[in-house]
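Undergrad: Give me the fold of what follows.
(2 chains)
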Amino acid sequence: MIRFIFSRLLDSLVAIWGAVTIVFFVTRVLGDPAALLLPVGTPPEQLAAFRAQLGLDRPLLVQYGDFLLRCLQGDFGQSFQHARPAMEVVLERMPATMMLAGTAIVMGVAIGGILGLIAATRRGTVVELIVMVGALIGQATPLFWLGLMLILFFAVDLGWLPTGGYGEARHLVLPALCLSVFVAAAIARLFRSSVLEVLKDEHVRTARAKGLMPSTVLLWHVVRNALIPVVTMVGILTGELLGGSVVTETVFSWPGVGRLIVQAIETRDFPVVQAGISLVAFIFVSITLIVDLLYGILDPRIRRGR
Amino acid sequence: MISTAFFRFARRIASVAGVFCILALPVAAQPLRIALTAPVNSLDPHVSALIQSDLSIASHLYAALITRGPDLALQGDAAESWKAEDDLNWRITLRPDLRFPNGEPLDAEAVKWNIERITAAQTRSRQKIYFDPIRTVTIISPTELRLTTSAPYPVLPAQLTTLYLMPPKWTAEGKAATDALGTGPYTLRSFTPGDRIVLAARPGYHGPRPNFEDVEVRMIAEPSVRAAALQAGELDFAVDLAPGDVTRLNASGRVRAGWSDSNRMMSLRFNTTKPPFDNKLLRQAVSHAIDRQAIAKAIFEGHSSIARCQLTSPMYFGFNPSLESTRYDPALAKRLIAASGVRGPIELELEVPLGRYLLSQEIAQVLAAQLEEIGIKVQLREMEFGAWIAKYNGGNLGASVYMGQGWPTLDADGLLGLYAPSNPVAYWKNDAFGAALDRGRASTDETKRREAYAEATRLMCDETPAAFLFTQPLIYATSPRVTWQVRGDDWVRAMDFRRR
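TA: Residues are numbered from 1 along each chain as shown, chains lettered A, B, ... in the order given. Below is the predicted model:
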């Protein structure tokens, strides 16, 4: 087990290094931050002087080496736009992102899980049709449109909730609802097919033959076994949402990491892009690691390496 | 059916609850609620040059020497008066006994320190270029100082409106990016990056007391969400709304939306260093082939002022009132093409930077269609703004671009300087024009300067380095309880609002 964890940790480090390296070079291709930061019409010598102040006049490999060394010390440099440490700028947006992602995942998994189970156990009925069509629509609806519709209905028309912002529980309702529709739709579809798959298994037939209560069979023998793909999916979705859901954050003016990174890309604020992506990569890799370890708990065969 | 009844019931409950909430709040306690379009990145007023976000917020928290009032005239702020002693020396008299809230004096010494900080390389100020011409700062007394520039710099007073004065000792503590301690009309209550800034009127402010005690500034990037927030009664003011929303917002009865001119002139700008548009007659032909009135009417519903054959609008010092708008005359345009000597099919590559200028894609398409009518085939090249500006700054502008240009000092000096022969990205070289600009800059005498810019704008109209089109409209909206003194120079200030 320790060897398993150790090898996975090593993989994770390589993955983070890869992501950070790609981001470093891709941002450099995007263009010149000095040109965007300084007023249009700034003479070239001033632009060059500003680039030198940002340390962008050095050879690319020197910049990269310096960047890696500093990364190891936890220093991602000063943000060009925010005039303070880039990681500080990113980390202060993390609570908002975690709150939104966490709420959306919990709501989405609960709703999606129940709907998926209902659809699987009511196979061939109108209920299944309604749930599956609903899930398909939920997955196909652009979040941008859905967000605006929620705002127009609940904030403008009914006046129940704010159009956006951050700080109180009421601010969280609409963005979390919007994102959870997307999560629930994905989970419902996956869980339904997974449950149907397990229902066909011999051990379920055996359990029924033993005369176990249908609810015991369903919860203990079916749901538990059907959870593995769902856990994978929840892991991926959590990683994605913790990286910030740009569209939802933009529509609901939610001060999350996703919007911050996109703004940093637009303004070529390299240190914030690098700090943001590094953090997101770290979170994603950590969650994947946790999911891998969870498999072992759910399915002892994986733990024993069979 | 049930759901309709349910929502009707819910709406009634909500409106009753809303009435109670309103009754519970005394009118005076209601804050002014403003939306900004761009996020405020740093509260350090020396670092940023973004007027619509960072500097607008700074103007609440810090005093500048000079400020521009809502009538666009310059007025004293921390400075009581200022005057040009000669072309190089400016004498500034400060208000006596000004102090920062921590007790540090706002005197000539502090002003000198601020100028040194904004021009120091390690500050990484985006405004450095504006204050580099100040060669020395001489302290005459605690309230008197002289700024000496290395060359005549007539726009210095206008430029000083973006130099906000920070307390030296407090700034050295290094918290200025997220906190503020200034002598402006407001003090900072809270700053939630990416979300909102809360301000409260500062007792003891040296200027007129603002009309609103409390101000809440929210950062809302999406125009449609700003419109929704106005309709929901969450905002008192927002700018840069979608043109299509104006009628709808006004019809709602809950919002008053309107149009005004911004300080930005939209142009079809040529790269005159590349054939065939190095040919003046061909450029003039393009300019005459554009029906500006039709575009302004169709796309901006007529809420845009047509360019008077110059980059400046009446908002600027140096506007030339004797020039008239370029006449729409396709027949003349065709004759000009014939006279230009350019043979064969003419193609015009038109770059369209995205996400920066109002409805730029739609306008570019109309421009293309209008130019096709005189036989010029237009290739539209839409590109992300960051990628485009890198290309532009790199001297690689295509044959032409649809772009907007404005200058925060509202002075022809900066704006026309974008086309000066000494500017490596002017894409036009005209020495007579350069000489006129130099004359405009060489003196602080307003009459001489006006004459110089009259000559410069006349040359530009004739040479057509760009087909000047129309001002970019400013679309704004207020709640029924406030009025805003409309200003098109990008500043968003709580001080410009009144209760209705």
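
Undergrad: use CA for all of it now, contacts and neighbours both
TA: Fine.

Undergrad: for the stretch 151-300 of chain A, what spans make up the helices?
TA: For the stretch 151-300 of chain A, the helices defined by DSSP state H, counting those that start in this stretch cover A:169-199, A:202-209, A:214-216, A:224-242, A:246-251, A:257-266, A:270-298, A:300-303.

Undergrad: Arrange these in a markdown table, one row each, with distance to B:Phe497, mean pLDDT and mean neighbour count as further columns.
TA: Output for the helices of the stretch 151-300 of chain A, formatted as a markdown table (distance: least, CA to CA, whole Å; pLDDT from 0 to 100; neighbours: other CA atoms under 10 Å in any protein chain shown):
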| stretch | distance to B:Phe497 | mean pLDDT | mean neighbour count |
| --- | --- | --- | --- |
| helix A:169-199 | 27 | 91 | 22 |
| helix A:202-209 | 72 | 82 | 14 |
| helix A:214-216 | 66 | 78 | 11 |
| helix A:224-242 | 40 | 85 | 19 |
| helix A:246-251 | 27 | 91 | 23 |
| helix A:257-266 | 30 | 90 | 22 |
| helix A:270-298 | 36 | 85 | 21 |
| helix A:300-303 | 67 | 65 | 13 |
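
Undergrad: Which one, of those, ends up nearest to B:Ala338?
TA: Of all these, helix A:257-266 sits nearest to B:Ala338, with 43.8 Å by CA to CA.

Undergrad: what packs against the closest one?
TA: Secondary-structure packing of helix A:257-266 (3 or more CA pairs under 8 Å, 6 or more residues apart in numbering or on different chains; DSSP states H and E): helix A:94-121, helix A:246-251, helix A:270-298.

Undergrad: got the angle for it vs helix A:94-121?
TA: Using axes from the mean of the first three to the mean of the last three CA atoms, to 10 degrees, the inter-axis angle of helix A:257-266 relative to helix A:94-121 is 120 degrees.

Undergrad: Report the angle between helix A:257-266 and helix A:224-242.
TA: Using the same axes, to 10 degrees: helix A:257-266 against helix A:224-242 is 40 degrees.

Undergrad: got a list of contacts for stretch A:286-293?
TA: By CA atoms under 8 Å, 6 or more residues apart in numbering or on different chains, the surrounding residues in contact with stretch A:286-293 are A:8-9, A:12, A:231-232, A:235-236, A:238-239.

Undergrad: Return the member of these nearest to A:Ile151.
TA: Once CA to CA is applied, the member of the contacts of stretch A:286-293 that ends up nearest A:Ile151 is A:Thr238, at 24.4 Å.

Undergrad: What is the burial count for residue 115?
TA: No chain specified, so I'll use chain A. Applying other CA atoms under 10 Å in any protein chain shown, we find 25 residues neighbouring A:Leu115.

Undergrad: Chain B, not that one
TA: B:Ile115, neighbours per other CA under 10 Å, totals 22.

Undergrad: that older thread, adding distance to B:Val486, write the helices of the stretch 151-300 of chain A out as JSON lines.
TA: Shown next, in JSON lines, are these (distance: least, CA to CA, whole Å):
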{"stretch": "helix A:169-199", "distance to B:Val486": "31"}
{"stretch": "helix A:202-209", "distance to B:Val486": "73"}
{"stretch": "helix A:214-216", "distance to B:Val486": "68"}
{"stretch": "helix A:224-242", "distance to B:Val486": "41"}
{"stretch": "helix A:246-251", "distance to B:Val486": "27"}
{"stretch": "helix A:257-266", "distance to B:Val486": "29"}
{"stretch": "helix A:270-298", "distance to B:Val486": "36"}
{"stretch": "helix A:300-303", "distance to B:Val486": "68"}
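
Undergrad: Would you tell me which of these gets closest to A:Ser79?
TA: Of all the helices of the stretch 151-300 of chain A, helix A:270-298 sits nearest to A:Ser79, with 5.4 Å by CA to CA.

Undergrad: Out of the helices of the stretch 151-300 of chain A, which gets nearest to B:Thr464?
TA: Closest to B:Thr464 of the helices of the stretch 151-300 of chain A, according to CA to CA: helix A:257-266, at 32.3 Å.

Undergrad: so what strands line up beside the helix or strand harbouring B:Arg91?
TA: Under the criterion of DSSP states H and E, B:Arg91 resides in strand B:89-94. Strand pairing for strand B:89-94, determined by DSSP bridges: strand B:79-84 (antiparallel), strand B:144-149 (antiparallel).

Undergrad: What's the first helix or strand after it?
TA: Next in sequence after strand B:89-94, counting helices and strands by DSSP H and E, comes helix B:108-119.

Undergrad: can you list the residues of the stretch 401-500 of chain B near chain A?
TA: Residues of the stretch 401-500 of chain B lying near chain A by CA under 8 Å from any CA of the partner chain: B:417-418, B:423-425.

Undergrad: got the residues you listed as TSV, with neighbour count columns?
TA: Below are these laid out as TSV (neighbours: other CA atoms under 10 Å in any protein chain shown):
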residue	neighbour count
B:Gly417	18
B:Leu418	22
B:Asn423	17
B:Pro424	18
B:Val425	22
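
Undergrad: got a list of what A:Thr238 touches?
TA: For A:Thr238, the contacting residues are A:101-102, A:105, A:287, by CA under 8 Å, 6+ apart.

Undergrad: Out of those residues, which comes closest to chain B?
TA: Taking CA to the nearest CA as the measure, chain B lies nearest A:Ala101 of the contacts of A:Thr238, at 17.3 Å.

Undergrad: Go through stretch B:290-300 and flag the buried ones.
TA: By neighbour count on 16 or more other CA atoms under 10 Å in any protein chain shown, the buried set for stretch B:290-300 is B:290-293, B:295-296, B:299-300.
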